[in-house]
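Participant: Quick check, what structure comes out for this input:
(chains A and B)
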Amino acid sequence: MHSPPSIPEAGEAGTPVWFLRGAIASLSAPGFVLLATFLGFGGLLHDLGFPIVAGLISTVLVWALPAQVILVGGLASGSSLPALAIAVCLSGVRLLPMVVSLMPLMRGRRPRLWQELLCAHFVAVTLWAEGFRLLPKVPTAARPAFSVGVGAGLMTTSVIGTAAGFYLTNVLPAPLAVALLLLTPISFTILLVRNAKARVDWLAIVLGAAISPFASYLPGGLDLFWAGVGGGTLAFVIARLPPKRRTGARP
Amino acid sequence: MNGQLSEFGAILIVILVGFLPNEVWRVLGVALGRGLDDDSLLMRWIRAVATALLAAVVAHLVLVPSGALVALPLWLRLAAVGSGIAGFLVGRRSVLAGVLTAEVVLVAGAWWLGVGA
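Facilitator: Just a heads-up that it's a prediction; the model follows:
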């Protein structure tokens, strides 16, 4: 990976090279998992009757599968558009700390706003994890080009996955077509388990999942909103209780 | 969806209801830079809400699916997700191991029950 270019500081001439190196680096195990997940999303699009071009555009523009699933699934179950916008917005919150923590590694020596915004657009859980693994080995000046290369590579894989999943559902035998649809919830579940560290995380997972079926009976098509805000707030509050109880139990 | 969504209408919804509300956080991340306290109470609450929301999405997809997954009994859907978590934990926390385990359980179950046959 480390091959110092003849031009000092990997200047303008090196940019396409580093972009390509990034794109090649995206063909990895996490990239393969991403392909599988977006196959599932393509299957879901077909299953719900969502137009494929709009679905592909969502992969490129939204580039965050939970938000895409909330949007597509919510439309299918008749949620109102403002309620969906709120749910999508809430689900995207996790991108903020990802961008903040990865940006110091992605921005080059002379950061430009448009470059940072472009790099930030590719940030989702896969690039975030891969960025911390790959970027430290890349010369600072080449990092924006390399990051965009990895991001574009992952995105291309995902677009192919989305399209393939959409068309495969017709061709595959029933048990396999159903398996395609399980890819989305199962990868989200594993993601949740993998990212859960503190008690508050586990509480949020259990409460969010537990409230969700009941919230779907509430009027207004805001069920995801209530399950998320209700379950998350409850988890947040409960996780903060024990220290108080301990001091209260002191004789 | 009220009837069939047109391609153009769907693209418009993807941009206005999907792209914009989601991208806000990435732009905000760039704007805030290092000036953000990741461990503040507000950020902790926001993260708890985001986690619960994702769990709610999963629960919705597994418990009250809207498409072809309905053809499978609830126990099989839950068994597949459960075995996926087990596969992830046993397989050295590999996401791929978890996904594959869940898929094997689901396909075997669906085949055994003769779904769609």
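
Participant: which is the next helix or strand following the helix or strand encompassing B:W25?
Facilitator: Counting by DSSP states H and E, the element that carries B:W25 is helix B:20-32. Following helix B:20-32 in sequence order, the next helix or strand is helix B:41-63 (DSSP H and E).

Participant: just how off-centre is that following helix within its chain?
Facilitator: 10 Å (Cα atoms, centre = their mean, to the nearest Å).

Participant: Which neighbouring elements make contact with the helix or strand just after it?
Facilitator: Of the helices and strands lying after helix B:41-63 in sequence (DSSP H and E), the nearest is helix B:74-90. In terms of contact count using 3 or more Cβ pairs under 8 Å, 6 or more residues apart in numbering or on different chains; DSSP states H and E, helix B:74-90 is assigned the packing partners helix A:174-195, helix B:41-63, helix B:95-113. Bear in mind the C-beta positions are built from the backbone N, C-alpha and C, glycine included.

Participant: Nearest spatial neighbour of whatever residue of the stretch 1-150 of chain A ends up closest to chain B, chain-adjacent residues omitted?
Facilitator: Distances between the stretch 1-150 of chain A and chain B by Cβ to the nearest Cβ are smallest at A:V99, namely 2.7 Å. The spatial neighbour of A:V99 that comes closest, neighbours along the chain excluded (Cβ to Cβ, 6 or more residues apart in numbering or on different chains), is B:G29 at 2.7 Å.

Participant: Count the residues that sit near the one you found.
Facilitator: Other residues near B:G29 number 23, with proximity taken as other Cβ atoms under 10 Å in any protein chain shown.

Participant: Quick one: residues contacting it.
Facilitator: B:G29 makes contacts with A:95-100, A:103, A:120, A:123, as judged by Cβ atoms under 8 Å, 6 or more residues apart in numbering or on different chains.

Participant: Low-confidence regions, the stretch 1-150 of chain A specifically.
Facilitator: Applying pLDDT under 70 to the stretch 1-150 of chain A flags residues A:1-13.

Participant: what's the spacing between the one residue in the stretch 151-251 of chain A that gets nearest to chain B and A:I238?
Facilitator: Nearest to chain B, among the residues of the stretch 151-251 of chain A, is A:A174, at 2.3 Å (Cβ to the nearest Cβ). From A:A174 over to A:I238 the distance is 42 Å, taken as Cβ to Cβ, to the nearest Å.

Participant: same thing with A:V62?
Facilitator: 32 Å.

Participant: Next: A:L118.
Facilitator: When distances are taken as Cβ to Cβ, A:L118 and A:I238 turn out to be 40 Å apart.

Participant: cool, B:I46 as well?
Facilitator: Going from B:I46 to A:I238 by Cβ to Cβ gives 17 Å.

Participant: Centroid-nearest residue for chain B?
Facilitator: Central residue of chain B (Cα atoms, centre = their mean): B:V58, 5.0 Å from the mean position.

Participant: related to what we said a few turns ago, compare neighbour counts for A:V62 and A:I238 and give me the winner.
Facilitator: Shown here are A:V62 and A:I238; by other Cβ under 10 Å, A:V62 has more neighbours (25 against 15).

Participant: need the contact list for that one.
Facilitator: Going by Cβ under 8 Å, 6+ apart, A:V62 touches A:68, A:71, A:88, B:14, B:18-19, B:22-23.

Participant: Pretty sure A:A120 sits against A:R107.
Facilitator: No. A:A120 lies out of contact with A:R107 (Cβ atoms under 8 Å); the separation is 9.7 Å.

Participant: Mind checking which of the two has more residues around it?
Facilitator: Neighbour tally, A:A120 and A:R107, criterion other Cβ under 10 Å: the higher count belongs to A:A120, 27 against 20.

Participant: give the contact list for the more buried one.
Facilitator: A:99, A:103, B:26-27, B:29-30.

Participant: and it, how far is that from A:S147?
Facilitator: Taking Cβ to Cβ, one finds A:A120 at 10 Å from A:S147.

Participant: Just to be sure, which of the contacts of B:G29 are found in helices?
Facilitator: Using DSSP state H, the members of the contacts of B:G29 that fall in helices are A:95-100, A:103, A:120.

Participant: if we can go back for a sec, can you report how many residues lie near the residue of the stretch 151-251 of chain A closest to chain B?
Facilitator: 15.

Participant: nearest residue to A:V62 other than its sequence neighbours?
Facilitator: Leaving aside its sequence neighbours, A:V62 sits nearest to B:G18 (Cβ to Cβ, 6+ apart; 4.5 Å).
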